[in-house]
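Trainee: Attaching a predicted model along with its sequence, questions to come.
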Amino acid sequence: MSEKIVGIVGGGLMGVGIAIKFALTGYKTVLYEAFPARRTEIPAAMQEILGELIEENVLSPEKSTAAVARILLTADFAALKDAAIIIEAIPEVLPLKQELYQKLEALVSPSALIASNTSGFMPDVLSAKMAHRGRFLITHFWNPPHAVRLVEVVPGSATTQAYVDLTMKVMREIGSEPVLLRTPLPGFIGNRLQYAVLREALHIVHSGAADAATVDTVMKASLGPRYSVMGPLEAADFGGLETFLKISTHLMPELAKDEGMLELLRQHVDKGEKGAATGRGFYEWPEAKKRAIRKKRLQQYLRNRTP
Ligand SMILES: NC(=O)c1ccc[n+]([C@@H]2O[C@H](COP(=O)([O-])OP(=O)(O)OC[C@H]3O[C@@H](n4cnc5c(N)ncnc54)[C@H](O)[C@@H]3O)[C@@H](O)[C@H]2O)c1
């Protein structure tokens with residue numbers, strides 16, 4: 001077993017991006033994808049990601065080729081055997097994940113780190129059926145993982161400090177910025193912040209006070225740029241804590257607390273307007289407009305890569 005071999009289980013949207021991050025850092029990367037149809041799509045998906053990085057001048061074609069050569073795309077589960085670090089990125093279905101960890105434990109070294117990229121399950125629930133729970137934790141990468149530097153690291157109650165330390169070290173090594181949660185919290189940190197904002201954005205539109213474009217303009221012209229430089233608590237320090245306390249005291253009771261505004265999402269979903277992937281959500285999304293905004297988003301994430 002070598003610390004420089006990583007196994008990624010599940011070659012979907014997240015697994016492919018995570019595999020590329022490790023391979024670009026020099027890891028021999030075993031990418032296990034069980035389903036033949038998806039397996040045939042993966043080489044093109046990898047090239048698309050690497051091509052984007054080359055186009056933005058943050059990767060040379062030579063390094064891209066070397067990274068691809070380090071990735072073993074396989075349908076052979078036994079190929080994961082020598083990995084010292086396993087990252088699971090299969091669908092968000094609890095029995096599937098739990099069953100996978102049992103299969104992995106029967107294969108890999110008892111000292112191998114097993115991490116999940118789950119969006120929502122708590123670590124103790126995920127590891128409930130494992131024999132060696134001390135080596136399990138969550139590494140929550142964000143989409144697209146090759147560009148967003150945050151990884152939320154969430155240990156369970158049985159996770160030992162050595163595996164937390166190893167995870168933090170490895171995440172930094174692959175160019176990520178790991179943050180450690182002291183105790184597990186549903187939604188971790190990032191999604192709690194994201195959904196708190198979404199709740200209020202939907203509430204404003206649902207109330208009729210402003211339309212979606214107005215709400216999005218407010219975010220992009222004010223809070224968006226600010227938050228890439230200072231977080232909400234740093235912003236409070238700069239705004240003045242006394243002022244923020246006064247405003248919070250009268251404004252926070254006014255903020256949305258129920259889920260009535262979800263009706264707005266339901267209405268779109270019921271009409272088949274499920275967002276950019278279907279060409280329409282709150283907005284129309286023709287292909288060219290989608291491509292342009294994705295490119296702009298990637299450029300913004302790449303600018304934000306070095307803390
Ligand atoms: N998509 C996101 O934005 C995002 C962001 C952060 C975390 N996550 C989490 O990452 C995980 C993967 O999400 P995704 O979006 O990459 O999903 P995905 O559906 O794109 O990929 C999942 C992959 O796992 C494979 N798979 C399915 N069942 C399997 C099994 N039993 N054993 C092995 N492989 C199996 C599928 O063939 C597929 O390639 C989920 O837990 C998800 O919640 C997703």
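Mentor: Structure received. Numbers count the residues shown, from 1 in each chain.
Trainee: for the residue in the stretch 201-307 of the chain positioned nearest to the ligand, helix, strand, or coil?
Mentor: Taking Cβ to the nearest ligand atom as the measure, the point where the stretch 201-307 of the chain comes nearest the ligand is residue 277, at 11.7 Å. Every C-beta, even on glycine, is put in place using the N, C-alpha and C of the backbone. Under DSSP: H, G, I helix; E, B strand; the rest coil, residue 277 falls in the helix class.
Trainee: now do residue 288
Mentor: Assignment for residue 288 (three-state DSSP): helix.
Trainee: right, is stretch 49-57 up against the ligand?
Mentor: No: when contact is scored as Cβ under 6 Å from any ligand atom, no part of stretch 49-57 falls within range of the ligand; the minimum is 12.9 Å.
Trainee: Put the alpha carbons of that stretch into PDB.
Mentor: In PDB, the C-alpha atoms belonging to stretch 49-57 read as follows (Å, rounded to 0.1, in the frame of the first residue of the first chain):
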ATOM      1  CA  ILE A  49     -12.400  19.400 -17.600                       C
ATOM      2  CA  LEU A  50      -8.700  19.400 -18.500                       C
ATOM      3  CA  GLY A  51      -9.400  21.300 -21.700                       C
ATOM      4  CA  GLU A  52     -11.100  24.000 -19.600                       C
ATOM      5  CA  LEU A  53      -8.100  24.400 -17.400                       C
ATOM      6  CA  ILE A  54      -5.800  24.500 -20.400                       C
ATOM      7  CA  GLU A  55      -7.900  27.200 -22.000                       C
ATOM      8  CA  GLU A  56      -7.700  29.300 -18.900                       C
ATOM      9  CA  ASN A  57      -3.900  28.900 -18.900                       C
END
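Trainee: Get me the contact residues on the chain for the ligand.
Mentor: Counting by Cβ under 6 Å from any ligand atom, the residues of the chain near the ligand are 9-15, 33-35, 38, 89-92, 96, 100, 117-119, 141-143.
Trainee: I'd like to know which of those are buried.
Mentor: In these, burial by neighbour count holds for 9-12, 14-15, 33, 89-90, 100, 117-118, 141-142, counting by 16 or more other Cβ atoms under 10 Å.
Trainee: from those residues, which single one is nearest the ligand?
Mentor: When these are ranked by distance to the ligand (Cβ to the nearest ligand atom), residue 12 comes first, at 1.7 Å.
Trainee: Got the confidence number for the closest one?
Mentor: Here the pLDDT value assigned to residue 12 is 97.
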